[in-house]
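Colleague: give me the fold of what follows.
(chains A and B)
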Amino acid sequence: MTMAPERTPFIRSDGKEKVTGAGRYTADLNLTGQLHAKFRYADHPHARILSIDTAAARALPGVFAVLTWEDVPDVLYGGSVNDRRLFAKEKVRWEGDIVAAVAARTADLAAEAAGLIDVRYEVLPPLTDFAANAEADAQLVHEAWADYEADENLGLSGNILGHSSIVKGDADAAMAGADVVVKSRYVADASQGAPIEPRAIVADWQGDKVTVWSSTQVPFAARSGIAHTLNIPESQVRIIVPLLGGGFGSKCDFHFEAHVAALARATRRPVKLVFSRREEFLAPDHRREGMIIELETGASRDGRLVARRGRLILDKGAYCGEGGFFAQMAAMHACGPYQIDAVNVDSYLNYSNQQPSGSIRAPTAPQACWALEQHMDELAAALEMDPAELRRRTLIGEGDEGPAGQVFEEIGAKQTLEAALDMIGYGRELPEDEAIGVACGWWPSFGVPSGAYVKLNRDGTGTIVTGAMESGTGAVMGLPLLAAEALGMKAEDFSILYQDTDAGPWDMGSSGSQTTFNNGRAVVEAATEVREKLLDLAADDLEVSRDDLVLADGTLSVKGSPDSSVTIATLAGSGEPILGKGSGDVPEAPAVDASGCVGRLGLESFLAPQLITQAARVKLDRDTGVIRVLEVAAAHDSGVIVNRIGADGQVYGGVLMGIGQALSEATWFDDEGRQLNPGLLDYKLQTASDAPEINIRWVEIDTPNAGPNGGKGVGEPPSVPTPGAIGNAIAKLVGRPIDRLPMTPERVWEAIHGGPEE
Amino acid sequence: MTGYIRANTVEEAVAALAAGARPIAGGTDLVVGARQGKQSLPDALVGIHRIPGLGAITETDAGIDLGTLVSHAAIVSHPAIRERYTALADASVLVGSHATRAQGTLGGNVMHASPAMDTGAPLLCLGGTATFATPSGDRTTDLVDLWTGPGETTAGPDELLVAVHLPASAQATGSAYVRLQYRRHMEIAVVGAAAAVILDGGAVTRAAIAITALAPVIRRVESAEQALTGTSGGAPAVEAAAQAAADAARPIDDVRASATYRRAMAAVVTRRAVQAAIARARGEEIPIPATESTQGSWR
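Modeller: Modelled structure (predicted):
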């Protein structure tokens, strides 16, 4: 283990404006002459559209445009599968499918007009049972699936959007030879990202170019989506993101920007869309997927994991979006960061008439990890072994093999376990209504192209121009630390120009915990180019060799003669352009021979995996089943940390989100696939009052083949093992694991009191 | 088009009501509900929030008068309520968020007539009456006769609730309100119960028990009260009262809980409310809110 260079905690520059209310978000933006948009959503979760009559809506005074599929190019779009249109054409496939869009003088008028659109349907049976949808005789969510453009590695077939397997060795034979075999079945309900800022979009055309202000996590994907669906060049689309009020993944992907741009084009006016809280639940094609997880593990008496079999079924909902990789990702999390001799895990991603699932903070991982970690505790019980000891014997380390044969470089899994156990005081005496549970998890780093410019201003300050996106994590806000370190300047000396597709280079956006990992590398390279120029200029100015120069504290001075120096401000003030650009080499996951696996999408090998162990101390109210989380110890290997205060913030938020997923957050649907709790009263986020004591320890390994200075990512991992740790604590108090997520008071009470009376 | 006037006196407000307006004070039900699309704002509104005198809490020999504009926050911080009408403080401190409690009024809560309202069960147990200003003068009614269904009351559209009165409490009275809550803050009652007891020489001489969110209206449960009255308030009597409350419940099945769970929880919260009320009557310290202090392994 190596330690990071000592860095002063850096307070993000956008903090004050956000906290004081001075910050401007998309909904704060108003343009002269702007109209207001509303959507007409599907009236049934599954129905054939017979006719759409917009006459009455168009006739309403104050209505400027009513658009349906007839008014935009007939283009299919999606992520790994192009399976949807901006406006439903033949069928509606979930309750949030958009049938029409209205622009009117006021939002109320637009809503009234949307209600006046007469849509005739042939109502179809809702296909809400995502497991049954895979059966051979099931009706189809997408009748024309075979004609869709799709990633051929997915194995799209009927209602099965994707099928992936992780296979190593002969799991059946190994299972047969195991001393102990444990089988479990767990079911996780769907949940939401639930950002507090409901999404907003403003579109404004100038000639044939459109500028769209959008509360998106992925401005470049939004640009591509508009260009593709409206059939215009990307160069004619500019996306600007004002401050973003949270996303948690739900604002990843291209969503509603093209609808608003199309309305603005049709009306020749700026058009603004602002979601209500209810819409923020119902309309996004993004929620955390429901999942059925069946696991079977064979072990030897001494705790060696000799075989793992698994079968996972994930609810994809109505459309693919960017979530095509979920089956394979879930399969990797059903294996976990453990040494297992033989593996055979099958994972299915099925269409249904539910809200589409999409990336929500570590997609598939919290649910799969919750199931696996409770399963591991069940196995420990069967082995009569302490659950922490079982993990100590089986967690991966340097040189060990991953689920599909990947060989790991230096990795801190075992250190995170010991750190978490130490922090929580594992094994100590507790009151009879309290228990401690432990869970381990992991999450890959994503190596993708990314770019940045660094330029020096005439007053000696710097500006970072980046394509990276700040969703509130502080990742972009931390980039100045990296530039400052390369340039002997202070982080406070840098401003950032970002979230404008006409400014920074292409970027994947705020997704995959990849901003520091990839854009950090780009900023370091750009700053290094600036450093080279400074050294050249100073060498000229001071008439010395570059090799004799030291760059520190904003000054270039000659080694051994500190009086002979020139400041960066002096050099930059001459007007000489001092610019750097960077992208850096993209790290790649180690190659593996995963020829036994199907549905390979590149996740069979995890690049620079982040390792986590969390331990939770919980208290049970036995009469009611109400669980209170009193303390969480979070130990993370995210590589070398750039900004401790920002990284800690990610853990606080991630753990609290994890507690919500563990105990209270679920989107429940009725039999037809309509959400039952689309609001903050009945979709129960954890509040500040519910937050436990959270203690954090970073296992800082200078990770090979990773981000800048040996860093990895930290946005998503903190919520991965939290539900599992809480679940294991509850299981100790209740005497058996709760097999449904979230582990609501009623479910815990049922487990204690023997189930509901019939 | 929504019209709005602001009344300066009770008479102006009643006149506006008689002309078809609906009253608004804190707006925490009406405005929030309209924004959520539950029901649009009425065509005509009369603001009553500036009418002098309606925001006072007044102690008299006969008891305590709570003006219709009294906020939940004011109730929570009032020493006499905390000491002698403790169940109402237990309930008021749980209503909505800090902002709701600062803005929302007791009158609004009472007249919204939600079966899940937190203040309802304590008010019933403490013998609350409501006074209305009407075009033909003041009218007073027992709260038990006011609520008839979810959002429904016996008050006429031209009647303005001006005050809630709670009679003076006897010595050795204790009261408590307990609800089931899934998280610590920003909750709505899924199941709740209030109890008020008077002790004399160790015996329960009077018991009032009411249940919340377990029937179309907040209601007293006589069978539970009878199970407790005349006993020493020991565990068997408390359990019998709790079971009677559960038996009297008419719980629904919905996204918040199943009917089975609600009925089981009716017994739990009733037991805890009764135990806390008895403990307070005996002079024991049960911190407000009782929901929090009776959680988990308490007793």
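
Colleague: show me where the stretch 51-200 of chain B has its helices.
Modeller: Under the criterion DSSP state H, counting those that start in this stretch, the stretch 51-200 of chain B carries helices at the ranges B:72-76, B:79-84, B:86-92, B:98-103, B:106-112, B:120-125.

Colleague: out of the ones you listed, nearest to A:Arg361?
Modeller: helix B:98-103 (27.7 Å; CB to CB). All C-beta spots, glycine's among them, are computed from the backbone N, C-alpha and C.

Colleague: sorry, back to before: closest to A:Thr394 out of the helices of the stretch 51-200 of chain B?
Modeller: helix B:98-103 (47.2 Å).

Colleague: any part of the closest one near chain A?
Modeller: No. Using CB under 8 Å from any CB of the partner chain, we find that helix B:98-103 stays clear of chain A, coming within 10.4 Å at best.

Colleague: how about that helix, which residues are buried there?
Modeller: For helix B:98-103, the neighbour count (16 or more other CB atoms under 10 Å in any protein chain shown) marks B:Thr100, B:Arg101, B:Gln103 as buried.

Colleague: repeat for stretch B:265-282
Modeller: B:265-281.

Colleague: related to what we said a few turns ago, can I get the buried residues of helix B:98-103 in CSV with distance to A:Tyr319 and pLDDT?
Modeller: Below are the buried residues of helix B:98-103 laid out as CSV (distance: CB to CB, whole Å; pLDDT from 0 to 100):
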residue, distance to A:Tyr319, pLDDT
B:Thr100, 38, 93
B:Arg101, 43, 96
B:Gln103, 41, 95
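
Colleague: could you pull up the mean pLDDT of stretch A:119-133?
Modeller: Per-residue pLDDT values over stretch A:119-133 give a mean of 97.

Colleague: toward the C-terminus, what is the element adjacent to the helix or strand harbouring A:Lys414?
Modeller: Assessed by DSSP states H and E, A:Lys414 sits inside helix A:413-424. Using DSSP H and E, the next helix or strand after helix A:413-424 towards the C-terminus is strand A:434-445.

Colleague: neighbouring strands - and their directions - for that following strand?
Modeller: In the sheet, strand A:434-445 lines up against strand A:607-621 (antiparallel) (DSSP bridges).

Colleague: and the partner strand, how far from the chain's centre?
Modeller: Counting by CA atoms, centre = their mean, to the nearest Å, strand A:607-621 is centred 18 Å from the centre of its parent chain.

Colleague: which is the succeeding secondary structure element to that strand?
Modeller: strand A:626-637.

Colleague: which parts of that following strand are buried?
Modeller: A:Val626, A:Ile627, A:Arg628, A:Val629, A:Glu631, A:Val632, A:Ala633, A:Ala634, A:Ala635, A:His636, A:Asp637.

Colleague: what's the answer for stretch B:19-31, then?
Modeller: Buried residues in stretch B:19-31, defined by neighbour count with 16+ other CB under 10 Å: B:Ala21, B:Pro23, B:Ile24, B:Ala25, B:Gly26, B:Gly27, B:Thr28, B:Asp29, B:Leu30.

Colleague: still on that earlier bit, also near chain A: which of the buried residues of stretch B:265-282, exactly?
Modeller: Near chain A, by the rule CB under 8 Å from any CB, you find B:Met265, B:Val268 out of these.
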